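Turn this into a structure:
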Amino acid sequence: MAKIRVLVIDDSALIRQMLTEILNSRDDIEVVGTAADPFIAREKIKQLSPDVLTLDIEMPKMTGLQFLQNLMRLRPMRVIMVSTLTERGAPETLEALELGAVDYICKPKAKTETKLRIFADDLVDKVRMASTARVRPFEQNKVTQTNIAKDTNFSRVIAVGSSTGGTEAIKELLTSVPANCPPILITQHIPKVFSTSFAERLDRVLAMEVFEAQEGMIIRPGCVYIAPGDFHLTIATSGSKKVCRLIQTEKINRHRPAVDVMFDSILASYGSKVVAVMLTGMGADGANAMLRLKKAGAITYAQDEATSVVWGMPQAAFNIGAVDEVLPLQKIPGKMLKAAQQK
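Numbers count the residues shown, from 1 in each chain. I've put the predicted structure just below:
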């Protein structure tokens, strides 16, 4: 079986060495080259035809984002951004995903043996995943209008789960959703600093109000609530209102926030009055809870393989019979909004 060929692009010799040693320690991965800047990288891509690139954001001569934009326009490739987990780094990483990067990994802050082992395992998982991911050339989102009248009454909430490729899929899903939408609750696998930037970014471009969910926040129509990184998003009843509850119980399916936790909590709070949507992502988080929702009378949709960056989570839900219908991403908004009107 052919090895996954990786080109490591980073201006730090130390990081290039660390990434190379980690990836070459696996039998199925080979670092075929390294580059200290985008100009060297451009030549090595032509020479080596790698399967996956790891790309630093901050580099000399040309930023990682500038290089990525040129690359995705001229020669789309599978790219994993190697990012610094900072307030400044978060918007740049989200922009990289918008430009077509498959995924990102945060450089470890603490160089403890445990932290480095976790980083190494995550990096290897992401490279393996990226090697099979669908490359998405950068293009402006095509907005498809949904014909929903302003006085439409919705009787169901919408719950969305996603992971790899999900930040852009969520934006595309919600771009055509009107301001008078039902409450929409979202769990996307994302670190804390990134979830704040992600919610702010969506709030700027979408018709409805978008919040990073906060403890005790009242759930209202016309609003989207995104689970903050490192907290599970759950729902509780407070008097006549439904409110967000953030909990830091153990990770589920290696994630916090986890889709399974949110879906189960929504089932407990709303019963059958739910439309659940599973978008692109690696792994199987959310599949079992989606099945429980479906059995209780919720309406369930999953993104299809052709429009998913990684058809892991949607496929896992489909395989166990948790999905009413598998759809291309652009067809889900209209379907979910009509379904949310059902009594």
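
Just give me the longest helix of this structure.
Determined from DSSP state H, the single longest helix within the chain is helix 113-130.

got the contact list for that helix?
Helix 113-130 is contacted by residues 4, 6, 19, 22-23, 25-26, 28-29, 52, 54, 78-80, 102-103, 105, 107-109, 164, 282, 310, 312 when judged by Cβ atoms under 8 Å, 6 or more residues apart in numbering. C-beta: built from backbone N, CA, C; applies to glycine.

The next helix or strand after it: partners in the sheet, and parallel or antiparallel?
For helix 113-130, the following helix or strand on the C-terminal side (DSSP states H and E) is strand 157-162. When sheet partners are counted by DSSP bridges, strand 157-162 sits next to strand 184-188 (parallel), strand 274-278 (parallel).

what angle separates whichever helix or strand comes after strand 157-162 from strand 157-162?
Later in the chain than strand 157-162, the nearest helix or strand by DSSP H and E is helix 166-175. Counting by axes from the mean of the first three to the mean of the last three Cα atoms, to 10 degrees, helix 166-175 lies at 150 degrees to strand 157-162.

Let me see the contact set for P60.
D11, D37.

now it: how far from S12?
Between P60 and S12 the distance, using Cβ to Cβ, to the nearest Å, works out to 11 Å.

again, but for V177
42 Å.

For these two, indicate the residue with more neighbours.
Neighbours were tallied for V177 and for S12 using other Cβ atoms under 10 Å; the higher tally belongs to V177 (21 against 15).

Where does pLDDT dip in the stretch 1-150 of the chain?
Applying pLDDT under 70 to the stretch 1-150 of the chain picks out residues 85-88, 137-150.

The same query, at a cut-off of 80, please.
84-89, 109-111, 136-150 (pLDDT under 80).

Same check on the stretch 151-300 of the chain?
Using pLDDT under 80, the stretch 151-300 of the chain drops low at 151-152.

Filter the contacts of helix 113-130 down to the buried ones.
4, 6, 19, 22-23, 29, 52, 54, 78-80, 102-103, 105, 107-108, 164, 282, 310, 312 (16 or more other Cβ atoms under 10 Å).

returning to what we had before: which residues belonging to the longest helix of the chain are considered buried?
F119, A120, D122, L123, V124, K126, V127, M129, A130.

which one among these gets closest to P183?
Among these, M129 lies closest to P183 (Cβ to Cβ), at 31.4 Å.

measure the closest one to V102 for me?
From M129 to V102 the distance is 8 Å (Cβ to Cβ).

Quick check: neighbours shared by those two?
T164, V310.

Can you verify P50 is assigned to a strand?
No. Under DSSP: H, G, I helix; E, B strand; the rest coil, P50 falls outside any strand and is assigned coil.

That's all I had, so thanks and see you.
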